[in-house]
Structure formats: structure tokens, C-alpha cells
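Peer 1: Just a sequence and a predicted model for now, questions to come.
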Number of protein chains: 2
Amino acid sequence: MSQLLCVGTVAFDKIETPFGKTDKILGGAATYIGLSASNFEGVDIGIVSVVGEDFPDEYINIFKDRDINIEGLKIVEGGKSFFWSGKYHNDMNTRDTLDTQLNVLENFDPVVPENYKNADIVMLGNLHPAVQMSVIDQVNNPKLIILDTMNFWMDTTLELLHKTIAKVDVITINDEEARQLSGEYSLVKAARKIRDMGPDYVVIKKGEHGALLFYNDEMFFAPALPLEDIFDPTGAGDTFAGGFSGYLAQTKDISFKNMKSAIIHGSNLASFCVEKFGTEKMLQLTEDEIKRRLEHFENLTQFEINLT
Amino acid sequence: MSQLLCVGTVAFDKIETPFGKTDKILGGAATYIGLSASNFEGVDIGIVSVVGEDFPDEYINIFKDRDINIEGLKIVEGGKSFFWSGKYHNDMNTRDTLDTQLNVLENFDPVVPENYKNADIVMLGNLHPAVQMSVIDQVNNPKLIILDTMNFWMDTTLELLHKTIAKVDVITINDEEARQLSGEYSLVKAARKIRDMGPDYVVIKKGEHGALLFYNDEMFFAPALPLEDIFDPTGAGDTFAGGFSGYLAQTKDISFKNMKSAIIHGSNLASFCVEKFGTEKMLQLTEDEIKRRLEHFENLTQFEINLT
């Protein structure tokens, strides 16, 4: 069985969009990554994260029900879980952070369980680069390390971020962040500069405009599925990463060709995530729905051109 | 031989981008449409447009050299050609119009040459809807009428625009214009509303983010080729339209499946257009370059998913 180690936040989110607002609900990068990856049978998923005593059993059981191993989910006695609150603008592409309470995340020292030190694939969700680096130091030669990050770490701890990026095989980053990290406006040029920083593969996420995968001189593009309504974009990027890494773990094939398929699986799962608030849709998702939407992706993008 | 009738401006442009600026150069929707469509062998292209006496023979010869019929290109004695000047912002997605001189376009009364009244495909480039309507009234049952338009006509002559849209088979429009015309933010919903206005097919152009084709409940998406540099976006949309209509004329197949290929050909040609100022790149383009870039498009978008 292939092992996928997911590192990231497990948290409470409070979200407001033009369609409504939520109370404190389940959120966090590792949550979305794990839930998304759990759609791929035959993958042993382990999470490394931290929560406080306030984290309800009901949420813990969501992971257990999906056979997501939570040995590496530390519960801090007397501590409070990481909390984020945000409000999306009408275009759904931009948001304001209303509140961030780091709580137990502030002193998070990740411990990779013995059982997952030989994980085949390590998916490092967005977190302080020091935490990501600590995980890299604890694992034994994984086949693939994937790192997600964001502009906040570029602003505050760029040097350490660079050191961490140098150690990974794949980086996933959004278009604005790719521009910031590289100093290049053209995403083709940005990807090349970022590949020079270490990662062989660069995935640039463009939200509703899809995702690009760069490798050597090759490029692959997957659109986001055009939807009637985008209800709540929270977690879409992490769901994408979970689908990408989950598919690679399941197929045990990290070739560029298979990464193209992984990008499609990631985009497919992300298209569900945004249809309801928080993790709601991801918790109801059926195998049949996933397959039918993959067919949509095929119809959306595949064509015939006579090149003779 | 299949006939393609192209209607639109033939003009002088003066362009400024972050990469430099031009003097008065050849421009206009019909120019880009015609040049783009002329890459498809076996299509008899006729242009309907108007210029002034100031329009140089050198430019006239560009059309003649490519066997583009200019019987319908009226040269107004003593008149001046339409002139547009614009400046692109750093992101290349937005621009300011610095100057517009309608000149001979102000009283343009299009006359479709007898030889082209039975054209198979009519490509109506962006123009006053009254001009587009006049052309529709002059042609005899073409297999396909394609209309391009812009927000300016929505702001100034919406009712007439609606009447014109009701008479065409395909509309090409950019994303913001689709939203304005439909009152819907979601492009899926916008396309449905626009289809209710008449056209069976709706093409939504998203610039560097590609193009969507809607038909019944089906969708197709073609990305724009990610480029190292976008030098000058002027004419990209018209070049896309020329490739789309030229390919349909050449293949004599207006099925949805073939329209997908037409969208790819249009996107492919548009990717060249933006690489140099004005029509410069389109005038140098070789068959071999076009084919090689189509392979890029294939590699960029085609994938394998096991759906069993």
C-alpha cells in the first residue's frame, strides 16, 4: 500500500461569502488535503498537525471514518485550535482576513509518526517553512515531496522559504505568488526561475482560470470546470493538492505524463469543494459523481486536430 | 471552394505597450480576420470594409498577395481611414484609448459584392450593429453567421444589437462583455442567457485565460498558450475569429465537434499575433510554425484518464 503523508493545519474556519456565512466549521489545509486524497483507494494517508482541546470528537471521527491516520495529529491539552475567519468579495477571487488566531499553531513542533517516516509521497500544506523543513528532516527519502506555500511566508521569512523550496520536488503556488517569488510577470518565465530554486515541477494555480504544470521545457494546463455558482472557494487549493498527491500515491507513478492526469484529478475534486461551504460537499462526495465529472473534464478539454 | 465573407474595419492603429510604441500601422478587425483566415488553403476570402484615400497601396497589396478579395473594400475619395490609438497597461489586459477618429467609418454603408452574396460563412467583425445587420440582409442563407461585438454597442445601441444578435449562429464576446450583456456573473449562466437571445453557439474570450465554447448543455475550453512575453495584444481577438471561421470554411463542417478544433486553430493563431506589434508576426507566419505550435497545444491540453 502506498503511503501519503499530509502536513498542514487542522483548524476552525468562519467564512462569509456573497451566498451566506458560517459559524465555526471544520477547516485547515491538512483537512482538505486528507479528505480529497481519501477518494483514492489503496492509499494509506497519515496526517501531521496540531489542534487544541476544543477540537470536537465529531471532527476527529470524520478522519477516522475515512481511514485517515491521525496518530500524528497532536491534541494540546488546554490549548485552542487554530482559527481563521475571512470574507470573500463579490468576484470570489479576493478575500479579506477578518481574524487569525494561531493558538496551538504558534508552537507547533511536528512529529512524524514512526509508521510514516518511509511515506512514498509527502504533501506539505501551507505552513511556516520551519515546520515544513522539520518534516522533511524527519522522513526517509520519499519518492516525491510536494510543497504548498503562500505570499505571507515570502513577506516574512523568505530566506528560510528558499531553503525549504530547494529541498522539494514539486511546488504548488498561485499565479500572484509565483510572480512575487520570481520577480517575473510572465508565468512561463516565473516557472523557470522557480525551477532554478530547486523543484523539478512547478504547479501554478490560477483559481477559476485553472492550473499550469511546468517541467523542463514542457507545460500542461488544466482548466477549472466552469460552474454555475462558486459558493465558497475556501479549501479549493488544498483539495486540488490532495487530489494531485492522492492520485500520484495511488498510481505509484511520478512521471510527467502521470502528473498531467494527477492535475486533472486535483482540478476535478476542487470543482466539488467550491460548490458548498467549507468541507460540506467533500463529505458527501460519491465515487460516481467524481467519475461523471471526470468525463466532463474530458469533454471540456479534449479535441482532435489533424497534424499530418 | 468554400467562401468566407469577412466584415469589419480596415484601419490605422497607433499602439503603445510596455515594450515600445508604433507609428501609424495597419490595423482593423477585418484585417486581422482576413490575414488569420488566409492561413487556411482552399478558402475564398472576401473583405467588406471601407478606407480613405490615405490608405497606402503597400497595405492594399498585403491583401492582394494573400488572395484576399478586396472588391468589397470601398476606397472613399478624399476620405481618411479609421484611426485608433491606444496604450496598454503593464498587465497587458487593460488599455486606454488615446484617440479614435471614425473618419470614413462614420457613413459606412457596406456593399456585399455579388460574388460573395452566397458565401458559406459570414464573419461579422466588431462594428456598429446597423452595419452588421445590413450585411446579414444582403447575404443569401449562409451556413453560418458569426458575430463579434463589444461593450461600446451595449452601452450605446443595445436594442439594435439585440436584434442583430438574434440573427446570428455564433457570437464571440469577451468575459466582461458576456457579463454585461447577460447580467450574470457566472459565465455558464451568462452563456445560457445569451443563447436564449438567438445564437446557438456562444464563444466567450478570456484573453490570456483562454476561450470557452458553449452549445446546448455542452462546453469546450481552449487555453491561451502561455507565452514568455506578450508584446502587443492588439488584434488577438480578431485573429482568433479569423482562425475559427477560416478553419470552419476550409473543413466545411460546422458540427460542435469540429468547432472545438476551430477554437484550437483560432487560439493557436492568436498566440502568434501577440508576439509582435500589430500585424507584423501574422505577415511572417509560416505553415511549419503553425503546425509546430498546434503540437504545443496538443501537449498542453491532452491527457489520459482511465474512466472505467
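Peer 2: In hand now; what should we look at?
Peer 1: I'd like the distance between the closest residue to residue A:18 other than its chain neighbours and residue A:258.
Peer 2: Distances taken as Cβ to Cβ, 6 or more residues apart in numbering or on different chains put residue A:90 closest to residue A:18, at 5.5 Å, once the chain neighbours are dropped. Heads up, the C-betas are built off the backbone N, CA and C, glycines and all. According to Cβ to Cβ, to the nearest Å, residue A:90 and residue A:258 sit 38 Å apart.
Peer 1: Looking at the two now, which is surrounded by more residues?
Peer 2: Neighbour tally, residue A:90 and residue A:258, criterion other Cβ atoms under 10 Å in any protein chain shown: the higher count belongs to residue A:258, 16 against 9.
Peer 1: can you list contacts of the helix or strand hosting residue A:132?
Peer 2: Using DSSP states H and E, residue A:132 maps to helix A:129-138. Applying Cβ atoms under 8 Å, 6 or more residues apart in numbering or on different chains, the contact partners of helix A:129-138 are A:5, A:7, A:48, A:108-112, A:117, A:122, A:124, A:145, A:147, A:149, A:153, A:157, A:160-161, A:163-164, A:167-168.
Peer 1: Over to stretch A:90-97?
Peer 2: Contacts for stretch A:90-97 (Cβ under 8 Å, 6+ apart): A:17-18, A:84-89, A:207-208, A:230, A:233, B:185.
Peer 1: who wins for neighbours among these?
Peer 2: residue A:230 (24 neighbours).
Peer 1: So that one is in contact with residue A:208, correct?
Peer 2: Yes: using Cβ atoms under 8 Å, residue A:230 is in contact with residue A:208, at 7.0 Å.
Peer 1: List the buried residues in the helix holding residue A:132.
Peer 2: A:129, A:130, A:131, A:132, A:133, A:134, A:135, A:136, A:138 (16 or more other Cβ atoms under 10 Å in any protein chain shown).
Peer 1: do the same with stretch A:37-55
Peer 2: A:37-40, A:43-52, A:54-55.
Peer 1: ok, now stretch A:222-235?
Peer 2: Those buried within stretch A:222-235 under the rule 16+ other Cβ under 10 Å are A:222, A:223, A:224, A:225, A:226, A:227, A:230, A:231, A:232, A:233, A:234, A:235.
Peer 1: so what's the first one bridging to?
Peer 2: Beta-bridge pairing for residue A:222 (DSSP bridges): residue A:211.
Peer 1: residue boundaries of the strands in chain A?
Peer 2: Using DSSP state E, the strands of chain A run over A:2-7, A:11-17, A:20-21, A:25-27, A:43-52, A:69-76, A:83-88, A:95-101, A:121-124, A:144-148, A:170-174, A:201-205, A:211-215, A:218-222.
Peer 1: Name the residues of the stretch 101-250 of chain A found near chain B, please.
Peer 2: A:185-189, A:206, A:209-210, A:212, A:218-223, A:226-230 (Cβ under 8 Å from any Cβ of the partner chain).
Peer 1: Can you check which helix is longest in chain A?
Peer 2: helix A:256-273 (DSSP state H).
Peer 1: quick one: is that one near chain B?
Peer 2: Yes: using Cβ under 8 Å from any Cβ, helix A:256-273 reaches chain B at A:257, A:260, A:261, A:263, A:264, A:265.
Peer 1: Same question for stretch A:32-48.
Peer 2: No: counting by Cβ under 8 Å from any Cβ, chain B is not contacted by stretch A:32-48; separation bottoms out at 12.7 Å.
Peer 1: mind saving the C-alpha coords of that stretch as PDB?
Peer 2: The C-alpha atoms that make up stretch A:32-48 are tabulated as PDB, following Å, rounded to 0.1, in the frame of the first residue of the first chain:
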ATOM      1  CA  TYR A  32      -8.900  19.400   2.800                       C
ATOM      2  CA  ILE A  33      -5.800  17.600   1.600                       C
ATOM      3  CA  GLY A  34      -6.700  14.500   3.600                       C
ATOM      4  CA  LEU A  35     -10.300  14.500   2.600                       C
ATOM      5  CA  SER A  36      -9.500  14.900  -1.000                       C
ATOM      6  CA  ALA A  37      -6.800  12.300  -1.100                       C
ATOM      7  CA  SER A  38      -9.100   9.800   0.700                       C
ATOM      8  CA  ASN A  39     -11.100   9.400  -2.500                       C
ATOM      9  CA  PHE A  40      -8.200   7.300  -3.900                       C
ATOM     10  CA  GLU A  41      -8.500   3.700  -2.800                       C
ATOM     11  CA  GLY A  42      -5.300   1.900  -1.700                       C
ATOM     12  CA  VAL A  43      -3.600   4.900  -0.300                       C
ATOM     13  CA  ASP A  44      -2.600   4.900   3.400                       C
ATOM     14  CA  ILE A  45      -3.000   8.600   4.500                       C
ATOM     15  CA  GLY A  46      -1.400   9.900   7.600                       C
ATOM     16  CA  ILE A  47      -1.900  13.500   8.900                       C
ATOM     17  CA  VAL A  48       0.600  15.500  10.900                       C
END
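Peer 1: how much space is there between residue A:108 and chain B?
Peer 2: According to Cβ to the nearest Cβ, to the nearest Å, residue A:108 and chain B sit 37 Å apart.
Peer 1: dump the residue contacts of that residue.
Peer 2: Applying Cβ under 8 Å, 6+ apart, the residues near residue A:108 are A:49, A:50, A:74, A:127, A:128, A:131.
Peer 1: related to what we said a few turns ago, how big is the angle separating the longest helix of chain A from strand A:201-205?
Peer 2: 20 degrees (axes from the mean of the first three to the mean of the last three Cα atoms, to 10 degrees).
Peer 1: in terms of contact, does residue A:147 touch residue A:166 like I think?
Peer 2: No: using Cβ under 8 Å, residue A:147 is not in contact with residue A:166, being 10.4 Å away.
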